[in-house]
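Sequence first, predicted model second:
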Amino acid sequence: MSDELVPLERRVLRLWRIRAALLVVPLTLLPLLALFGDAPVVAVVGTMALIGSVGGGLAAWWTLLVWRSWQFRVGEHALHLRHGVLTRHESTIPFHRVQHIDLEAGPLERRLGLTTLVLRTASASSDSTVPGIDAGHADELRGRILTLVGTGDAT
Amino acid sequence: MPRRTSPLAALFQVFAPGQVRNLLPVLVIAASSGRFFLILAIGGILGLAYGALSWWRRRWSFRDGVLHLDEGIFVQNQRRIPVERIQHVEVERRLRHQLFELAAVRVETAGGSKAELRLDAITMAEATTLRSTVLSLLRTPSPPVVALDASVPEGPVDALPAPPPPPPPPPEVLVRLPASRLLLAGIVGPEVAAVFVALAFVIDTITDLGIEPDSIGEVNASRILLAVLIVLAVPAWFVVAGLVSLVRRWDFTASIAGDELRVTYGLLQKNEFVVKTERVRDVQIAERLVLRPFRRADLRVRTAASGNGDQSRVDIPMLSAEEIERILWRVLPAAVPLPPVSPAPAAARRRALIRSGVIGGVVALALGGVVGNGNPIVGLLVAAVLWTLALGWGELWYRGLGLARTRGAVHSRTGALSRRRAIVPERRIQSAAVRATFFQRRRRLGSVRLDLAGTSVGVLDRDGRSASALVAALTGT
């Protein structure tokens, strides 16, 4: 149990950027369709360069901001989260309210050795997702939380 | 040890009667192409492969008081449910299960509408073992057993007749609404919306009478008729709304019997709501605009089953402050005596005024331009009036904000014209968060969100530091 807020794994930033690229790259390639309509090659390449650089730049910059805003702490009694660029969130989820714990990992996350920790409480509005902790570390973290979930009245 | 479900699960997942609609697209494609059976076979094989793969990935176990389930082909999920959190275990056996000595097990925890864990299908032996293990580990609070026989003294039965069992505590009436108030509740309540419907009907009828306004006299005649009808219809309809309310809410009584709040009302359709006081999730005191001059408010008692909407909620209308306190003493003692709320910081007022001023200003100018229709003086005048109204609304919204704490409960008041005070018992708070938008942070403000089972309650625009402190205090950290 650390008292310090810790950032997400650096790999999470890479994960988010890959996801952003999956959106930006097809968008960049879209002007190629105009070649079928006899558009000048220079204009098409120029548009692609513009979309690619602006889209890529924005995505890189925004993901960095979001990643920097993220901090969390597994405290003695609760999970503490801080995140959000424009709207800041500071959430506390007491372990004795946790109903169940999910560790979720998509193919990309597994590739990067990451996993998403979700603590579910009886409230659907609880903000209790840590997007991207080290997969090797996740099991131990979950075990620690599970022992703290305890027996109190959860609802 | 982690184990898999029955291999037949692969079949069940894809071809169970409930899943057949997933095969419809295959059928459509197969039917529209020339090779019906080929496409159907390919679809079936793909479906089976998917079912087999997800069966292979699904592993479950129950050890150290924790239920484990790992599943998922692409997105893999590992779910852990501590046994103390399990509300409900259901063993389901459909025909296909019975044929193979199998069962589907559904495990539910509090909150959420669907089962948190579903094992379809495992062997009947596994299912019964799982169920009995979970149920035996769940510590069920044993109710105090009152042995009636013990109170019967030893001796000849005919000499000493057994004393009757102690009667249940008589319900104590907390409030019974008099007929006058029920009438009033109808006049200021939703029933009155019918007035506007009636008005529209009357106007519609008059226009349908086909009075052609081709001479001055006839126009006047139709207008007079309209005016007379409106003058007659409105009070008549208020009376009707009042009477409807009187019948619907006849003999509206809130009483307490043991630890149950009972609300009964109705002349034709008798309604009775019973809520265990320990189940109360939150309470709302709704000071609706029409009620505020009368110093009355509606009291809404909600449980975890209430969700966010109006369903299964106990609603007691038109109460005075004393009556609300009297009810709360028995229903949610942590909330009383009702404290005055402390206003939001001055920065919140500036935020409210700027927000309503900017938004209201844009809307006022736009509307002024439309209404003025080329006449700048009229337009500006209209815009000025609207803008003043918007600013007034912002000020009222700020004044509506309030926060108070009693031992064991949080009170949050919001609303500009109609105000609402939400009272949340601390032990019902699942988690809490401070949320601060860019504009709030500039003024060192933050809003607190209290997450409850099925809903959330906001404490808006507090000082950022005290908002964080409130969250820490309420979550016991």
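All right, it came through fine.

In which helix or strand does B:Gln269 reside?
Here B:Gln269 is covered by no helix or strand, with elements defined by DSSP states H and E.

Could you find the closest non-adjacent residue to it?
B:Arg248 (7.7 Å; Cβ to Cβ, 6 or more residues apart in numbering or on different chains). Every C-beta, even on glycine, is put in place using the N, C-alpha and C of the backbone.

Residue nearest the middle of chain A, spatially speaking?
By Cα atoms, centre = their mean, chain A has its centre lying nearest to A:Pro131, at 4.1 Å.

ok, now which ones touch it?
Counting by Cβ atoms under 8 Å, 6 or more residues apart in numbering or on different chains, A:Pro131 touches A:8, A:12, A:70, A:116.

does the last one have beta-bridge partners, and which?
Note on A:Thr116: beta-bridge partners by DSSP bridges are A:Glu104, A:Pro131.

Quick one: residues contacting it.
Shown in contact with A:Thr116 (Cβ under 8 Å, 6+ apart): A:102-105, A:109, A:129-133.

just to revisit the earlier point, what's the pLDDT at the residue nearest to the centre of chain A?
A:Pro131 is assigned a pLDDT of 92 by the prediction.

Distance check, it against A:His100.
Relative to A:His100, A:Pro131 is positioned 18 Å away (criterion: Cβ to Cβ, to the nearest Å).

show me where pLDDT drops low in the chain?
The chain I'm using is chain A. Applying pLDDT under 70 to chain A flags residues A:1-2, A:150-155.

actually it's chain B I care about, not the one you picked
Residue ranges of chain B with pLDDT under 70: B:111-113, B:139-163, B:165-168, B:190-196, B:198-199, B:202-203, B:205-221, B:306-313.

returning to that earlier point: burial of the residue nearest to B:Gln269, as a residue count?
19 (other Cβ atoms under 10 Å in any protein chain shown).

pretty sure B:Leu67 is touching B:Arg118, no?
No - the criterion here is Cβ atoms under 8 Å, and B:Leu67 misses it with B:Arg118 at 11.6 Å.

Can you work out which residues contact both of the two?
B:Val107.

Tell me which of those two has more neighbours.
B:Leu67 (26 against 15).

and that one, bridged to which residues?
Assessed by DSSP bridges, B:Leu67 has beta-bridge partners B:Phe62, B:Ile81.

List the contacts of it.
B:Leu67 sits next to B:60-61, B:79-83, B:86, B:107, B:117, B:134 when contact means Cβ under 8 Å, 6+ apart.

Around the closest residue to B:Asp463 other than its chain neighbours, how many other residues sit close by?
Setting aside the residues directly before and after it, B:Asp463 is nearest to B:Pro345 in space (Cβ to Cβ, 6+ apart), at 5.0 Å. For B:Pro345, the neighbour count with other Cβ under 10 Å is 19.

And B:Pro345, its phi and psi?
Phi and psi for B:Pro345, reported as degrees, to the nearest 10, are phi -60, psi 160.

got a list of what it touches?
Counted by Cβ under 8 Å, 6+ apart, B:Pro345 has contacts B:445, B:461-463.

Could you check how far it is from chain A?
18 Å (Cβ to the nearest Cβ, to the nearest Å).

ok, now B:Leu391?
With distances taken as Cβ to the nearest Cβ, B:Leu391 is found 25 Å from chain A.

in the chain, which spans are helices?
Answering for chain A, as no chain was given. A:10-29, A:41-69, A:107-111, A:135-149 (DSSP state H).

The chain in question should be chain B.
With DSSP H as the criterion, chain B has helices at B:8-15, B:24-32, B:36-57, B:95-99, B:124-137, B:179-188, B:193-208, B:216-248, B:321-331, B:346-372, B:376-400, B:438-442, B:464-474.

Quick one: closest of the ones you listed to A:Pro40.
Closest of these to A:Pro40 is helix B:24-32, at 41.5 Å (criterion: Cβ to Cβ).

Not counting its own residues, what contacts the closest one?
Under Cβ under 8 Å, 6+ apart, the answer for helix B:24-32 is B:36-40, B:43-44, B:47.

which of the residues you listed are buried?
Among the contacts of helix B:24-32, those buried by neighbour count (16 or more other Cβ atoms under 10 Å in any protein chain shown) are B:39-40, B:43, B:47.

Columns distance to B:Phe273 on top of those residues, output as JSON lines?
As requested, the buried ones among the contacts of helix B:24-32 are exported to JSON lines (distance: Cβ to Cβ, whole Å):
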{"residue": "B:Ile39", "distance to B:Phe273": "56"}
{"residue": "B:Leu40", "distance to B:Phe273": "54"}
{"residue": "B:Gly43", "distance to B:Phe273": "51"}
{"residue": "B:Gly47", "distance to B:Phe273": "48"}
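
of all these, which comes closest to A:Gly75?
Minimum distance to A:Gly75 across those is 46.3 Å, recorded for B:Gly47 (Cβ to Cβ).

Now do the same contact list for that closest one.
B:14-15, B:22-23, B:26.

For those residues, which entry has the maximal number of neighbours?
B:Val14 (21 neighbours).

I figured it hits B:Gly51, correct?
Yes - at 4.2 Å, B:Val14 and B:Gly51 qualify as touching, with contact defined as Cβ under 8 Å.

From A:Val98, how far off is the residue nearest to B:Arg428 when sequence neighbours are not counted?
Nearest residue to B:Arg428, sequence neighbours excluded (Cβ to Cβ, 6+ apart): B:Arg281, at 5.2 Å. According to Cβ to Cβ, B:Arg281 stands 18 Å off from A:Val98.

If you count surrounding residues, which of the two has more?
A:Val98 (29 against 22).

That one contacts A:Ser126, correct?
No - checked against Cβ under 8 Å, the pair A:Val98 and A:Ser126 is beyond contact range at 9.3 Å.

who touches both of these two?
Listed as contacting both A:Val98 and A:Ser126 by Cβ under 8 Å, 6+ apart are A:119-120.

re earlier: right, so of the helices of chain B, which gets closest to A:Leu30?
Ranking these by distance to A:Leu30, with Cβ to Cβ as the measure, places helix B:24-32 first at 28.3 Å.

Please point out which parts of that closest one sit buried.
Result for helix B:24-32 [16+ other Cβ under 10 Å]: buried residues B:26, B:30.

between that helix and helix B:36-57, what angle do the directions make?
Calculated by axes from the mean of the first three to the mean of the last three Cα atoms, to 10 degrees, helix B:24-32 forms an angle of 160 degrees with helix B:36-57.

so how far is helix B:24-32 from its chain's centroid?
Centroid separation between helix B:24-32 and its chain, computed with Cα atoms, centre = their mean, to the nearest Å, is 42 Å.

In CSV, could you pull the C-alpha coordinates for it?
Below are the C-alpha coordinates for helix B:24-32, written out as CSV (Å, rounded to 0.1, in the frame of the first residue of the first chain):
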residue,chain,number,x,y,z
LEU,B,24,-30.9,-15.6,-38.9
PRO,B,25,-28.3,-13.6,-40.9
VAL,B,26,-26.8,-16.9,-42.0
LEU,B,27,-30.2,-18.2,-43.1
VAL,B,28,-30.9,-15.0,-45.0
ILE,B,29,-27.5,-15.2,-46.8
ALA,B,30,-28.0,-18.9,-47.5
ALA,B,31,-31.5,-18.4,-48.9
SER,B,32,-30.5,-15.5,-51.1
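
Many thanks, have a good one.
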